[in-house]
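**Q** This is the structure alone, sequence omitted:
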């Protein structure tokens, strides 16, 4: 197994998206500072009054544990795109078992690149740790020790070199360790474990054994919700629809991870726009084929937002997955994606731009006349394809008469008949077709210019009905 630990070390302040410099405070002391505040000398643990002395323009936000928990859960949903085995380690850490996903993402470096890009896009500062055990991965992340040792012995040596602060001792225990002259994990490992248990409690030897993989470290998996409905409070009122994409992207990427963890694809979702003074608005997003591709979800929403005029400023967003379908993992075929899967994103973007009713498919229906044998349908339409005779995709609005010379029809020269006649009849009983008694003999013909044409002959002569692509 290979565990990836994410430590969001500025989460208490970054959940607010406050104007820099900014800090999160609890009981009058700084809990977390953004990068600008840290550059001014502000540090966690300082009194707020001391921090204001270093940065007079400091924005102070009272810590909101509920907001932090919601952000961590949303990030856990997003992490579902990498593995269904995700665990929360509150208040600011997330664990992902990525060993089974390396082939899917074509190696560790590629997977790490996607993780780092995704967390950065969410707007969070982070540290990453990698190890064979979840606890060791957490300790590496806290220490800012990046990279992965393929050799187990080398990983154990790196673990032994970590400072004791990564374990998270309380102040009293930290002072006692300092008095004993202990500073590294390796120095604890050489001491009698029974003595450590007497001095610092039984949890310390257990943690050391779990980090080294000597004792199982069972983590509770994150419970992906049965229904996806996530809310995001915007840091400021948004008055232009395209500007909503920044916040909505977080929700869509979380939805994509949730879908992946559930083995499902999205067919329809609703983005609710929360206004202050008027009723909330809803923006429906439909997809031509079930998908869990986060980038595809974002593209469709971008098309909709670019053409949307807001009735009032938006202060919050809620994304609700209305209709999902089972979408098991699929291997890439010898010739790539199936045609429907390749064209689905194109159909979705056209519908986003032109409206759903402007883009449709064509289905064969029972009808004697070619003009009445097809109808517009939603795309894609469920059901097995029907076997039909050879027909052109494009029919002329009205059939054109063709001249006849020497017993042969002409269209910019004589036409060569390629097929035997196909008789199509419509009798007096076909009142719906409104033709009365009709008899036509259809042929596929080749013109002198190489065009494939669909022509017929009736009592009045030869006619051009359609053109093949």
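**A** Structure received. Nothing here was measured: the structure is a model prediction, and the numbers come from that model. Residues are numbered from 1 along each chain as shown.
**Q** Give the ranges of residues in the chain that sit below the confidence cut-off.
**A** 328-389, 426-437, 469 (pLDDT under 70).
**Q** For it, which helix extends over the most residues?
**A** For the chain, the helix with the greatest residue count under DSSP state H is helix 245-262.
**Q** From the chain's centre, how far out is the helix or strand following it? Work that out for me.
**A** Where DSSP states H and E defines the elements, the next helix or strand beyond helix 245-262 is strand 264-275. On the basis of CA atoms, centre = their mean, to the nearest Å, strand 264-275 sits 13 Å off its chain's mean C-alpha point.
**Q** contacting residues around strand 264-275?
**A** Under the criterion CB atoms under 8 Å, 6 or more residues apart in numbering, residues 244, 248, 251, 255, 259, 280-287, 289-292, 297, 301, 310-327 lie in contact with strand 264-275. The way it works is simple: take the backbone N, C-alpha and C, and place the C-beta from them, glycine included.
**Q** when you compare where the very next helix or strand once past it runs with where strand 264-275 runs, what's the angle?
**A** Sequence-wise, the next helix or strand downstream of strand 264-275 (DSSP H and E) is strand 281-291. Put simply, strand 281-291 runs at 170 degrees to strand 264-275, going by axes from the mean of the first three to the mean of the last three CA atoms, to 10 degrees.
**Q** So which elements touch the longest helix of the chain?
**A** When contacts are defined as 3 or more CB pairs under 8 Å, 6 or more residues apart in numbering; DSSP states H and E, helix 245-262 packs onto helix 65-79, helix 108-122, strand 229-238, strand 264-275, helix 294-305, strand 314-326.
**Q** how deep is residue 152 tucked in, by neighbour count?
**A** 11 (other CB atoms under 10 Å).
**Q** For it, which non-adjacent residue is closest in space?
**A** Nearest residue to residue 152, sequence neighbours excluded (CB to CB, 6 or more residues apart in numbering): residue 132, at 6.8 Å.
**Q** cool, residue 194 as well?
**A** Nearest one to residue 194, counting by CB to CB, 6+ apart, is residue 205 at 7.9 Å.
**Q** Likewise for residue 111?
**A** residue 105 (3.9 Å).
**Q** Pretty sure that neighbour sits in a helix.
**A** No. The assignment for residue 105, made by DSSP: H, G, I helix; E, B strand; the rest coil, is coil rather than a helix.
**Q** need the contact list for it.
**A** Taking CB under 8 Å, 6+ apart as the test, what residue 105 contacts is 82, 111, 114.
**Q** Closest one of these to residue 19?
**A** For the contacts of residue 105, the minimum distance to residue 19 (CB to CB) is 30.2 Å, reached by residue 114.
**Q** got the residue ranges for the helices in the stretch 301-450 of the chain?
**A** Taking DSSP state H, counting those that start in this stretch as the test, the helices found in the stretch 301-450 of the chain are 339-354.
**Q** For residue 27, see how far away residue 188 is.
**A** 31 Å (CB to CB, to the nearest Å).
**Q** Neighbour count: these two, which is higher?
**A** In terms of neighbours (other CB under 10 Å), residue 188 is the more surrounded of residue 188 and residue 27; the figures are 21 against 9.
**Q** That one: what's it in contact with?
**A** 164, 182, 196, 204, 208.
**Q** 10 Å instead, please
**A** Going by CB atoms under 10 Å, 6 or more residues apart in numbering, residue 188 touches 160, 164, 167, 177, 180, 182, 196, 200, 204-205, 207-208.
**Q** same thing with residue 190?
**A** If you count contacts by CB under 10 Å, 6+ apart, then residue 190 has residue 160 around it.
**Q** From residue 196, how far off is it?
**A** For residue 190, the distance to residue 196 - CB to CB - is 11 Å.
**Q** Please apply the same query to residue 457.
**A** Distance of residue 457 to residue 196, computed by CB to CB: 100 Å.
**Q** do residue 175 as well
**A** In terms of CB to CB, residue 175 sits 16 Å off from residue 196.
**Q** the more surrounded of the two?
**A** residue 196 (16 against 11).
**Q** Am I right that the more buried one is in a helix?
**A** Yes. Residue 196: assigned to a helix according to three-state DSSP.
**Q** close enough to count as contact, it and residue 185?
**A** No. Residue 196 is beyond contact range of residue 185, at 11.7 Å (criterion: CB atoms under 10 Å).
**Q** Now do the shared contacts for those two.
**A** residue 208.
**Q** Can you give me the buried ones in the host helix or strand of the residue nearest to residue 194?
**A** Here residue 205 is covered by helix 203-211, with elements defined by DSSP H and E. The neighbour-count check on helix 203-211 (16 or more other CB atoms under 10 Å) flags 204-211 as buried.
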